[in-house]
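Chemist: curious how this folds, go ahead:
(one chain, ligands or ions: 1)
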Amino acid sequence: MAAATALGGLAGCGESGRSAPGAGTGGHAEAGREGSGAVRQEQQQARHGFTLVATGDLLVHDSIIRQAKADAGGSGYEFGRMISAAKPMASGADLAICHMETVYGPDGGPFSGYPLFETPPHLAASVKKAGYDSCSTASNHTLDAGSKGVGRTLKAMGAAGLRHVGSARNPKEAAAPVMLRAGGAKVAQLAYTYGTNGIPVPKDKPWLVNLIEPRRIIADARAARRAGADVVVVSMHWGTEWQQEPDALQRSVAKKLTAARSGGRRDIDLILGTHAHVPQAYEKVNGTWVVYGMGDQIAGKMNDPRGTMGSAARFRFEPPDERGGGDAKRNGTGGGAWRVTRAGFTPFLMETSPRHTLVNLAAKGSRAAGNAEREHAYRTIRKAVLSRGAARDGLRMMP
Ligand SMILES: [Zn+2]
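Modeler: As a prediction, the model looks like this:
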């Protein structure tokens, strides 16, 4: 097990100024099967494709906590109203993945925003209700409240029915791949972070959080494949804050991960990035989609307006083409690999005034004439997402 170097000091995620405060079901349970038709049903189901949605950092600043408190109407915290614009997309997907950037405080508080985040545990239920299935939890803030913070976060997520990966309470939890059902596929999700803001990972608890180390990530992906994963998705918390361009670490690690093959088949099928607080590009690297950074999904107002802009990544996977052949092998799709048949993105803006609310900028009517902030966000996100030629590889904006 290799430990990557913890980079940087107490990095960003700050909030500027102090702004005033201002539902439904998800779940994609498998249908039960029984009787002699079970095998055939299994075979038929195995041929179904699936849709995957992923979104950026849930960065719970003080102003977000205040909004959640106001939305709860006096008791507790309700984050669902803030992210309700993501609900149709997340609950409509076969698999919806979020990024839980912060750790949770004790049930009764106190809670805090930047710089050492302790988020109300109510967030887990709100995210689940919005339609999310699983979240990455490896971030530079994973150790903000020590191992207790990790424990509280994973406990609350588990209680809400949200799967999680990237941090762990014990070696066993850290070693088990997270396997998710999506359509007829088994999807493994793995998650890693570049570092923990200079807070050392305790020597006796190296399993608390997964750090980026390409050889280890590839080994984990291969282990997930051996455990039966049809598709391996890797969530990466990386990049340089406030920089749209992917940095050297992102580019070099993306190259290594997407180049990894076993028996002609790629080891990793999709990379989903978070952390930079600004929307970053989507790019096909070695034939595999890499989302360098989705930006923030939830965040308070920051000095740079890009901090409240994000994209949702949307991919359709189809089962292997039995015909296979040389092309498939060259593209890393040989040996039974699932293929991405549709790649899309949806631009979102977290408005911070008059209340904190997520807006889908591709939805009909959301960019009504005269709203300069939304129009600016729409253009900024689109430009960033497409800045490395993704449109040529078929990436399309989706409402
Ligand atoms: Zn971060």
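
Chemist: excluding its backbone neighbours, what's nearest the residue of the chain found nearest the ion?
Modeler: Residue nearest to the ion within the chain (C-beta to the ion): H275, separated by 3.9 Å. Quick note: C-beta positions are derived from backbone N, CA and C, even for glycine. Closest residue to H275 apart from its sequence neighbours, by C-beta to C-beta, 6 or more residues apart in numbering: H237 at 4.6 Å.

Chemist: who are the contact partners of that neighbour?
Modeler: 99, 101, 136, 138-140, 166, 191-194, 273-275 (C-beta atoms under 8 Å, 6 or more residues apart in numbering).

Chemist: and which of these is nearest to R66?
Modeler: Checking the contacts of H237 against R66 with C-beta to C-beta, the nearest one is E101 at 18.1 Å.

Chemist: okay, now the closest one: neighbour count?
Modeler: 31 (other C-beta atoms under 10 Å).

Chemist: per-residue confidence averaged over stretch 55-74?
Modeler: Stretch 55-74 comes out with an average pLDDT of 95.

Chemist: do the same with stretch 208-218
Modeler: In this model, stretch 208-218 carries a mean pLDDT of 98.

Chemist: that stretch: how far from the chain's middle?
Modeler: 17 Å (C-alpha atoms, centre = their mean, to the nearest Å).

Chemist: how far away is the residue of the chain closest to the ion from Q243?
Modeler: Distance, H275 to Q243, by C-beta to C-beta, to the nearest Å: 11 Å.

Chemist: which of the two has more neighbours?
Modeler: Taking other C-beta under 10 Å, H275 and Q243 do not tie; H275 has more neighbours (31 against 14).

Chemist: just to revisit the earlier point, next step: the contacts of H237 restricted to strands.
Modeler: The strands, defined by DSSP state E, take in 99, 136, 191-193, 273-274 from those.

Chemist: buried among the contacts of H237? Need that as a selection in ChimeraX.
Modeler: To isolate the buried ones among the contacts of H237 in ChimeraX, judged by 16 or more other C-beta atoms under 10 Å, type:
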select :99,101,136,138,139,140,166,191,192,193,194,273,274,275
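
Chemist: in TSV: the contacts of H237, plus pLDDT.
Modeler: Below are those laid out as TSV (pLDDT from 0 to 100):
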residue	pLDDT
H99	98
E101	97
S136	98
A138	98
S139	98
N140	97
G166	98
A191	98
Y192	98
T193	98
Y194	98
G273	98
T274	98
H275	97
